[in-house]
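Participant: Please find the sequence and the predicted model below.
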Amino acid sequence: MSAREKVIFEYSHPGRGASDQWPHDPGPAALADLPAALRRAQPPQLPEVGELETVRHFTRLSQLNFSIDTHFYPLGSCTMKYNPKACNQYAMLPGFLGRHPLAPESHGQGFLACMYELQEMLKAVTGMEGVALSPMAGAHGEFAGVAMIRAYHRARGDLKRNEIIVPEAAHGTNPATATMCGCVVREIPVDAQGDVELQALRQAVGPNTAGIMLTNPSTLGVFERRIQEVARIVHEAGGLLYYDGANLNAILGKVRPGDMGFDVIHMNLHKTFSTPHGGGGPGAGAVGVASRLLPFLPLPVVGKEGERYRWLAEADLPQSIGRLSAFMGNAGVLLRAYIYMRLLGRDGMRAVGEYATLNANYLLKRLMTAGFDAAYPQRRASHEFIVTLKRQARELNVTAMDFAKRLLDHGFHAPTTYFPLLVPECLLIEPTETESKDTLDAFVAAMSQIQKEAEQEPGRVTSAPHTMPVRRLDDVRAARQLDLTWKPTAQP
Amino acid sequence: MAFIPHTAADVASMLATIGVSRLEDLFDEIPRELRIKSLAGVPEELNEMEIGRLMSERAAADGTALSFLGAGAYEHHIPAAVWAITTRGEFYSAYTPYQAEASQGTLQTIYEFQTMIARLTGMEVSNASMYDGASAVAEAALMAVRANRKSRAARILVPGTVHPHYRRVAVATAANQGLRFEELPYCTEAGVTPAASLARYEGEDVTALLIQQPNFFGRLEDVDALTDWAHAHNVLVIAVVNPTSLALLKPPGQWGARGADIAVGEGQPLGVPLSSGGPYFGFMTTRMEYVRQMPGRIVGRTLDVAGHEGFTLTLQAREQHIRRAKATSNICTNQGLLMTAATIYMSLMGAQGLARTAATCHARTRELVAALTRLPGVRPAFSGPCFHEAVLLLDRPAAPVLKALAARGIFGGLDLGAYYPELGAALLVCATETKTQADIERYRATLQETLQAARAA
């Protein structure tokens, strides 16, 4: 990869600037009415750089990244599939980009039609009765979902129900979300095969149960086989079932959360429906609900009356949990998901679930044959699976983190490491359906080579990466000697 | 299909390796009665040419009106370089930078962003961005409750001049955790929050005071007096600011004697297209002493094992993947791509370009207000200075007037009737640097004709 790049402030020269981009100077008279006491005394110290050096700087920075467009990115639970270029191009048509969020509905029928149809397609693929698109990330959708569960119980006068049950393998966002919604978290264990322990669940539910948050297939990469029994236990106790859609890609077109008994779901459109991850956002965390939660959907929702589309707001949904964004969530992301879903159609969506599962099971089998240990060898993989390197850690002193870092040298982004927390030295591997057999075979070859290296020359693995712009970074120093903004004299 | 590259031979060979005969066998752990045969309700696939045509028709159907809408989302010129670089696959299709060695591009961009935003707001530290301005306000309120150790009330004072949607988002986000938001009245003549209105809270436990500058009406609040009152009463100050305005207006870090404690805002004006409301990004800054109470991603510079500088996510002990139920927030993303666009935008504009943009917006809005208020039946709602946005009062209901203007290709502003019924027929209008004098004259002439027609009817 490229060498390191200076911080942009180090290119700055007083008086330089991309002035072709600036408006003409309106002169000081334009500001005559602004009281001096409210004016800024000194201009902000932004960089003073030309357009070409700005373009070069950020282009070079981009080249320091791994990305789907450049590398295989088998990051478990993140669904790093190809982001089709058409989705970006057509979402960025000038008519869509220029539309003000408060523009009248008469001048938004094209956009609103896309949003309405997106809602309808998401209902169809999840088996839910209503969808709202405004949550802006998976965790934001989780918040909306749990807030709706809470609002549902309150509307029934069932005020005690404030406990959210979460399996111990859950994403950290699940318990964090429950807390944000003012709920108490109860964690329950999973058994040796990765399924929820039903006895523990039966003991956990009761008159205080608001609901349970589940990912299915779970974060262990296996399908919760007794999901119908789980649903029965929770529903009989008066609780609701929340589906964390992080792993929806595994079952797209094959099984629907609504049919499993879930009452509310969030979907990570940036995973299953291939909107870009953008270096950590924007995502989109649309929520779907069963009929009893329809009155509580977050605002706004797009409705259709005759042939006209319109926003449904406070007056239409008076029991709504309210607004979670200033306007319409990540509208441009929603357009990309819409385009992706139309490109796939119903058969393409079914193929997603099938080929994501095929790739994961193939890669798992090949890695097991190559001598790696699966965390759940008796189980079918879903769209992802866990390899545990505890044997390598014990015998060779080479950890999952070392394997992950050495993979970077082989041109593969690392799988998810050390999650889920209950499997020691784990790599959570999700190839996605858009990767070819050739890529999967090359990944197996790299893993085998690293294994051989770990046996013969372990220092080479434990000191990896060797070919990246930086070596392993000192995270302790980063947290203790905080250097969060550039200063002319700062030395880290 | 579905961007899946497998040949029939690949599939056969892969199934043989796994030891099953059909794809369906891979789903044999899922109860049979749950498996569906097809997705009724989802249309057949379109190819790229077909979807291109459909989307082009829909984008064109929404038209390109001459817009004088603002209200939290502003039409600015975006240099071509901003999105040409932002949509490079290396930025666009990368994940959250957990593997720091393979993500130095994104991490360094965040570090540069944090530096620019801190300098723009005059604050000490910034995070890597939030979902949008409204959610940043909500998170700032939650953060203030953690940071203000002298207060137990979880009580936030919110002027009526704060964006109505921000106030609603704050309630929807934080009320479940017991926060109380109390509305401060504004002066209906001046359109600002009188510092005197705070007197009734003397001696009471108040956690934080929100101050939006410029406020929702475009009016300028007496930020120094409000800030000093808050600090004299152990109340933290949360500033809500427009980043463009900060090229000219006093930054929150310098409000009053001590400066604001937390400053947040909507980042959209910094190079992000209007795009029907998103994706945008929120920014959040604070004092160093509160950095551990701040939600969201933060990047720090450190050294690698060879002693070279590099960038990494830091202070992760605040976050959900470590702290789970005790995290500062459930947030696990920033708006990475928008933050990237904003960093490139701020680099190209610099302080001088941003100041010219702000001054031009302000000049255009003044010209707009002057032109429209010369018409009979149109007058300014408030006295006193505005910044790049203003409220006008009409002598007849606003909705039919706006509808008639829209029919002639002009978005004449936001009808405030649903938000501030006490103002009567009120319009919030904005003209940015994208508007010319000819555009303003077209609005004036069309409004004149519309009002004349309405009077004649």
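Facilitator: Sure thing, it's come through.

Participant: Would you mind listing the residues in contact with residue A:462?
Facilitator: Applying Cβ atoms under 8 Å, 6 or more residues apart in numbering or on different chains to residue A:462 gives the contacts A:397, A:398, A:399, A:402. For the C-beta atoms, the positions are set from N, CA and C on the backbone; glycine is no exception.

Participant: got the buried residues for stretch B:44-52?
Facilitator: Residues of stretch B:44-52 classed as buried under the neighbour-count rule (16 or more other Cβ atoms under 10 Å in any protein chain shown) are B:45, B:46, B:51, B:52.

Participant: Which strand or helix spans the third one?
Facilitator: Secondary structure here is read from DSSP states H and E; on that basis residue B:51 sits in helix B:48-61.

Participant: That helix packs against which elements?
Facilitator: helix A:85-91, helix A:94-97, helix A:109-126, helix A:331-369 (3 or more Cβ pairs under 8 Å, 6 or more residues apart in numbering or on different chains; DSSP states H and E).

Participant: Run through the stretch 51-200 of chain B and note the low-pLDDT ranges.
Facilitator: For the stretch 51-200 of chain B, no stretch is flagged by pLDDT under 70.

Participant: List the contacts of the closest residue to residue A:291 other than its chain neighbours.
Facilitator: In space, and not counting its chain neighbours, residue A:291 is closest to residue A:129: 4.5 Å by Cβ to Cβ, 6 or more residues apart in numbering or on different chains. The neighbourhood of residue A:129, defined by Cβ under 8 Å, 6+ apart, consists of A:123, A:258, A:288, A:289, A:290, A:291, A:294.

Participant: now the residues you listed: which count as buried?
Facilitator: With neighbours counted using 16+ other Cβ under 10 Å, these contain these buried positions: A:123, A:258, A:288, A:289, A:290, A:294.

Participant: Keep only those of the residues you listed that are in strands.
Facilitator: By the criterion of DSSP state E, membership of these in strands covers A:288, A:289.

Participant: Which ones among the buried ones among the contacts of residue A:129 also lie next to chain B?
Facilitator: Subset of the buried ones among the contacts of residue A:129 in contact with chain B: residue A:123, counting by Cβ under 8 Å from any Cβ of the partner chain.

Participant: export the buried ones among the contacts of residue A:129 to TSV and tack on pLDDT?
Facilitator: Listed next are these as TSV, based on pLDDT from 0 to 100:
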residue	pLDDT
A:123	98
A:258	97
A:288	98
A:289	98
A:290	98
A:294	98
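
Participant: quick one: which of the buried ones among the contacts of residue A:129 is nearest residue A:487?
Facilitator: Nearest to residue A:487, judged by Cβ to Cβ, of those is residue A:288 at 47.6 Å.

Participant: tilt between the helix holding residue B:51 and helix A:331-369?
Facilitator: Computed by axes from the mean of the first three to the mean of the last three Cα atoms, to 10 degrees, the angle separating helix B:48-61 from helix A:331-369 equals 150 degrees.

Participant: Distance from the chain centre to the helix or strand following helix B:48-61, please.
Facilitator: Using DSSP H and E, the helix or strand that follows helix B:48-61 in sequence is strand B:66-67. With Cα atoms, centre = their mean, to the nearest Å as the basis, the distance from the averaged C-alpha position of strand B:66-67 to the chain average is 21 Å.

Participant: Next: stretch A:88-100.
Facilitator: Relative to its parent chain, stretch A:88-100 has a centroid offset of 23 Å by Cα atoms, centre = their mean.

Participant: Repeat that for stretch A:185-200.
Facilitator: Relative to the chain's own centre, stretch A:185-200 is displaced by 24 Å; criterion: Cα atoms, centre = their mean.

Participant: check whether that stretch contacts chain B.
Facilitator: Yes - judged by Cβ under 8 Å from any Cβ, stretch A:185-200 comes into contact with chain B through residue A:185.

Participant: show me what contacts residue 309?
Facilitator: If you meant another chain, say so; for now it's chain A. Applying Cβ under 8 Å, 6+ apart as the definition, the contact partners of residue A:309 turn out to be A:105, A:108, A:109, A:112, A:113, A:115, A:116, A:302, A:303.

Participant: hmm, I had chain B in mind actually
Facilitator: A:4, A:470, A:492, B:301, B:302, B:303.

Participant: now do residue B:448
Facilitator: Residues counted as contacts of residue B:448 (Cβ under 8 Å, 6+ apart) are residue B:375.

Participant: hang on, it in a strand?
Facilitator: No - judged by DSSP: H, G, I helix; E, B strand; the rest coil, residue B:448 forms no part of a strand; its state is helix.

Participant: How much space separates it from residue B:442?
Facilitator: To residue B:442, residue B:448 is 11 Å away according to Cβ to Cβ, to the nearest Å.

Participant: With residue A:209 instead?
Facilitator: When distance is defined by Cβ to Cβ, residue A:209 is 61 Å away from residue B:442.

Participant: Residue 451 is in what secondary structure piece?
Facilitator: Answering for chain A, as no chain was given. Residue A:451 is located in helix A:437-456, with elements delineated by DSSP H and E.

Participant: actually it's chain B I care about, not the one you picked
Facilitator: Assigned by DSSP H and E, residue B:451 belongs to helix B:437-456.

Participant: For that helix, what is the distance to the chain centroid?
Facilitator: Per Cα atoms, centre = their mean, the centroid offset for helix B:437-456 relative to its chain is 32 Å.

Participant: Now for the contacts of residue A:129: which two are most distant?
Facilitator: Taking Cβ to Cβ, the two most distant members of the contacts of residue A:129 are A:258 and A:294; they sit 13.0 Å apart.

Participant: surely residue B:233 meets residue B:202?
Facilitator: Yes - using Cβ atoms under 8 Å, residue B:233 makes contact with residue B:202 at a distance of 6.9 Å.

Participant: Just want to know which of these two has more residues nearby.
Facilitator: In this view residue B:233 and residue B:202 are compared by other Cβ atoms under 10 Å in any protein chain shown, and residue B:233 has more residues nearby, 16 against 10.

Participant: got any ranges where the stretch 351-492 of chain A has weak pLDDT?
Facilitator: Low-confidence segments of the stretch 351-492 of chain A (pLDDT under 70): A:490-492.

Participant: go with 50
Facilitator: Filtered on pLDDT under 50, the stretch 351-492 of chain A yields the residue ranges A:491-492.

Participant: the helices in it, which residues?
Facilitator: A:390-396, A:400-409, A:437-456, A:458-462, A:475-480 (DSSP state H, counting those that start in this stretch).

Participant: which of these sits most buried?
Facilitator: Ranked by average neighbour count under the criterion mean count of other Cβ atoms under 10 Å in any protein chain shown, these are headed by helix A:400-409 at a mean of 23.

Participant: Domain map for the chain?
Facilitator: All of this is about chain A. A:87-344, A:353-476 (automatic domain parsing).

Participant: Please refer instead to chain B.
Facilitator: Residue ranges for each domain of chain B read B:8-61, B:66-75+B:351-456, B:80-344, as given by automatic domain parsing.

Participant: Output the set of residues of the stretch 151-300 of chain B in proximity to chain A.
Facilitator: Contact residues, the stretch 151-300 of chain B versus chain A (Cβ under 8 Å from any Cβ): B:163, B:165-166, B:168-169, B:171-173, B:176-178, B:220, B:223-224, B:246-251, B:254, B:266, B:273-281, B:288, B:291, B:297-300.
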